[in-house]
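*Asks:* Need a 3D model of the sequence below.
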Amino acid sequence: RMRKHGKVLAAQDTSLRKIGLAIGFATEDVARFSVERELFVFSRNIRDADGLSAASLTATMVQTADGGIQVLTDGNFELVLGMCLDYFDGSAIHALDDEKMAIYYGLYQNALQQDLQCLAFAYCPDDKGASDVDSKDAFIGLEDSSCESTDPSLSSSDLPEYLTETARKKLFSEDKAFVGQTFLGLVTFAYDPKTDVCDFIEDLSIAGIRFVYFSASSGRQSKAFGERLGLETDWNTCILLSSADGAHDGGYIEDHDIKARLPRGIESIRPHLAEVDDIPLQISLFAECAPDSTREMIGIFQENGDVACCIGSALADANTLTFAAADLAVGVEPIPHFNGRGADSDWTNDGSISTSGALATQYALGAALTCIPCPLFLQHDTSLYTLLQVVSEARRLVGSLGLGATLLAGAAVAASAVNLVAGLCLLPPAMNGAMLIWVLWVVAPLLAASLLFAPHDEATMSTMPVKNHAHVADMPRFAIYAVVRMLPP
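*Replies:* Residues are numbered from 1 along each chain as shown. Predicted structure coming up:
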């Protein structure tokens, strides 16, 4: 329900029921608590890990069987930690001083560098500050001037001012709501590729098909996920498609991890290709990509002779125009997580948006509209190797068509040569008109058609295809080269 008030990270929209079961809670333990109210808190000064959405937390007030009130809080690490004075180490509660806070903050910063989304948990044994809220569920916006976004240049040992012990105790002395909680722990989440995606990308490379990943995340986070995909993430491997913010001159950015100057922003790609080199056409990772810049980059690939096949989520409506811009598009059904689904739900779903049920039907309709430009659609449990099978079959058919065309052309040339030789020898034509029609219009086409059923060649998916080079645009020069190559030495 937090999404009704603002944008939240995927980690805050993920069910943690499995974690509860893993640490020893049973399903019947939930019956011991009743939810009294939920408060949704957003900070206008602290940003989430994506740098775009405001940091947020959810404070759930539950009543126990003995009538006590407990506040269970989860949300953004910095926002939650800024409201805690103690921490629980698994056996006892201790004061949360600056030294211990620096350790937690270092873990948080390391997690962010690895493209992990973090969710912090805290606990308070009473409803301090909750009595000020009249409604059952409420939205609260924090505007504390002491809370400012984390400076990315800070090291893991540097604490923002609002996380210091002095600042936290000051908030507690001012009787701020939710302050004085006990920090329980930190859970990290990451997007993991499907089981066969890494092998799929490797087999694409063997087949001469380059995989390019467009990420909306920052460069570091994109590299972290690209490494999990098996992509190269070292030297000259990532270009940011977002426009330069003025801190970089000439549309370039120097990645401090490498000693290379890469173009920054989609508007710098074409000038770089014309004046410097073709590095943007060779790398497999683009970060900070908006839908418009992604489509523009696909257009640049097509301008340089590449055939672009776009694979994307069927539930992201921004993908519709991207699918339409590509030469071939494949919509992939993600696995939707229907949080809050209980045993008393009036519908069931196996994880597919195509099965029956009110909510699933809405997802299916959205996916159908998004994938209008897509000739192919994959269910969430369909292996991506299905696409490799399609590519293999397409290559076999194209190869067979080429052999068939060669056979037809060869038959016509052979028939002409036979009659030409006969004429030069002052002999009657070796093949009259009826024979030519029979051979060229019946026999040769039947033989050529039989080649369409040729068996698969094992080397089909390990042969590098010929790229559509731009030199064919200069047809006079191309024709001259083609004729010269046919001349005898």
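*Asks:* how many neighbours does the residue nearest to Leu388 when sequence neighbours are not counted have?
*Replies:* The shortest distance from Leu388 to any non-neighbouring residue, by Cβ to Cβ, 6 or more residues apart in numbering, is to Asp203 (6.0 Å). For glycine as for every other residue, the C-beta is placed from the backbone atoms N, C-alpha and C. Using other Cβ atoms under 10 Å, Asp203 has 18 other residues around it.
*Asks:* Pull out the buried residues from whatever helix or strand Asp203 lives in.
*Replies:* Counting by DSSP states H and E, the element that carries Asp203 is helix 197-206. Neighbour counts over helix 197-206 (16 or more other Cβ atoms under 10 Å) mark 197, 200-201, 203-204 as buried.
*Asks:* any idea which helix or strand comes after it?
*Replies:* Counting by DSSP H and E, the next helix or strand C-terminal to helix 197-206 is strand 213-214.
*Asks:* Describe which strands that next one pairs with in its sheet and in which direction.
*Replies:* strand 285-287 (parallel) (DSSP bridges).
*Asks:* I'd like the mean pLDDT over the helix or strand following the partner strand, please.
*Replies:* Per DSSP H and E, the first helix or strand lying C-terminal to strand 285-287 is helix 291-303. Per-residue pLDDT values over helix 291-303 give a mean of 92.
*Asks:* What is the helix or strand following helix 291-303 packed up against?
*Replies:* Sequence-wise, the next helix or strand downstream of helix 291-303 (DSSP H and E) is strand 309-313. With contacts taken as 3 or more Cβ pairs under 8 Å, 6 or more residues apart in numbering; DSSP states H and E, strand 309-313 sits against helix 319-325, strand 328-332.
*Asks:* List the buried residues of the first one.
*Replies:* Along helix 319-325, the positions that meet the burial threshold by neighbour count (16+ other Cβ under 10 Å) are 319-320, 322-323, 325.
*Asks:* So what touches it?
*Replies:* Contact with helix 319-325 is made by 291, 294-295, 298-299, 308, 310, 312-313, 329, 331, 369-374, as judged by Cβ atoms under 8 Å, 6 or more residues apart in numbering.
*Asks:* Quick check: which ranges of the stretch 151-300 of the chain have low pLDDT?
*Replies:* The stretch 151-300 of the chain contains residues with pLDDT under 70 at 151-159, 162, 168, 170-178, 244-260.
*Asks:* what about the residue nearest to Thr182 when sequence neighbours are not counted, is that helix, strand or coil?
*Replies:* The spatial neighbour of Thr182 that comes closest, neighbours along the chain excluded (Cβ to Cβ, 6+ apart), is Asp86 at 4.5 Å. Secondary structure for Asp86, judged by DSSP: H, G, I helix; E, B strand; the rest coil, is strand.
*Asks:* Just to check, Asp86 is in contact with Lys169?
*Replies:* No: using Cβ atoms under 8 Å, Asp86 makes no contact with Lys169, being 11.7 Å away.
*Asks:* what about these two, which has more around it?
*Replies:* Asp86 (17 against 13).
*Asks:* What residues are bridge-paired with that one?
*Replies:* Going by DSSP bridges, Asp86 is paired in beta bridges with Ala95, Thr182.
*Asks:* repeat for Ile239
*Replies:* On the basis of DSSP bridges, Ile239 is bridged to Phe286.
*Asks:* That one - how many residues pack around it?
*Replies:* When neighbours are counted by other Cβ under 10 Å, Ile239 registers 25.
*Asks:* give me every residue that touches it.
*Replies:* So Ile239 contacts 262-264, 269, 280, 283, 285-287 (Cβ under 8 Å, 6+ apart).
*Asks:* Now with 6 Å, please.
*Replies:* 262, 280, 286 (Cβ atoms under 6 Å, 6 or more residues apart in numbering).
*Asks:* before we move on, what about Tyr87?
*Replies:* Contact analysis of Tyr87 by Cβ under 6 Å, 6+ apart lists 94, 96, 183.
*Asks:* Nearest to Asp115 among these?
*Replies:* Closest approach between these and Asp115, by Cβ to Cβ: Phe183, at 23.6 Å.
*Asks:* Flag every buried residue along stretch 266-284.
*Replies:* Neighbour-count burial for stretch 266-284, counted by 16+ other Cβ under 10 Å, picks out 266, 268-269, 272-273, 279-281, 283-284.
*Asks:* What is the most widely separated pair among these?
*Replies:* Using Cβ to Cβ, the two most remote members of these are Ser268 and Ser284, lying 18.7 Å apart.
*Asks:* if I look at the closest residue to Ser313 other than its chain neighbours, how far off is Ser34?
*Replies:* Of all residues not flanking Ser313 in the chain, Pro334 sits nearest, at 5.2 Å (Cβ to Cβ, 6+ apart). Per Cβ to Cβ, to the nearest Å, Pro334 is found 34 Å from Ser34.
*Asks:* Also Gly402?
*Replies:* Using Cβ to Cβ, Gly402 is found at 72 Å from Ser34.
*Asks:* again with Ala430
*Replies:* Using Cβ to Cβ, we find Ala430 at a distance of 98 Å from Ser34.
*Asks:* So which of the two has more stuff around it?
*Replies:* Taking neighbours as other Cβ under 10 Å, Ala430 and Ser34 compare with Ala430 leading, 15 against 11.
*Asks:* correct me, but the more buried one touches Ala422?
*Replies:* Yes: taking Cβ atoms under 6 Å as the definition, Ala430 is a contact partner of Ala422 at 4.6 Å.
*Asks:* Quick check: neighbours shared by these two?
*Replies:* By Cβ under 6 Å, 6+ apart, no residue touches both Ala430 and Ala422.
*Asks:* Hmm, Leu452 is touching Ser400, no?
*Replies:* Yes: counting by Cβ under 6 Å, Ser400 is a contact partner of Leu452 at 4.8 Å.
*Asks:* and the residue nearest to Ser313, how far is that from Val390?
*Replies:* From Pro334 to Val390 the distance is 21 Å (Cβ to Cβ).
*Asks:* Just give me the neighbour total for Gly67.
*Replies:* Neighbourhood size, Gly67 [other Cβ under 10 Å]: 6.
*Asks:* what helix or strand does it sit in?
*Replies:* Applying DSSP H and E, one finds Gly67 in no helix or strand.
*Asks:* Ramachandran coordinates for it?
*Replies:* Here is the backbone geometry of Gly67 (degrees, to the nearest 10): phi 90, psi 0.
*Asks:* tell me what the helix holding Asp203 is packed against?
*Replies:* Of the remaining helices and strands, none touches helix 197-206 by 3 or more Cβ pairs under 6 Å, 6 or more residues apart in numbering; DSSP states H and E.
*Asks:* before we move on, back to that, include distance to Tyr191 when you put the buried residues of helix 197-206 into CSV, please.
*Replies:* Below are the buried residues of helix 197-206 laid out as CSV (distance: Cβ to Cβ, whole Å):
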residue, distance to Tyr191
Val197, 11
Phe200, 16
Ile201, 15
Asp203, 21
Leu204, 20
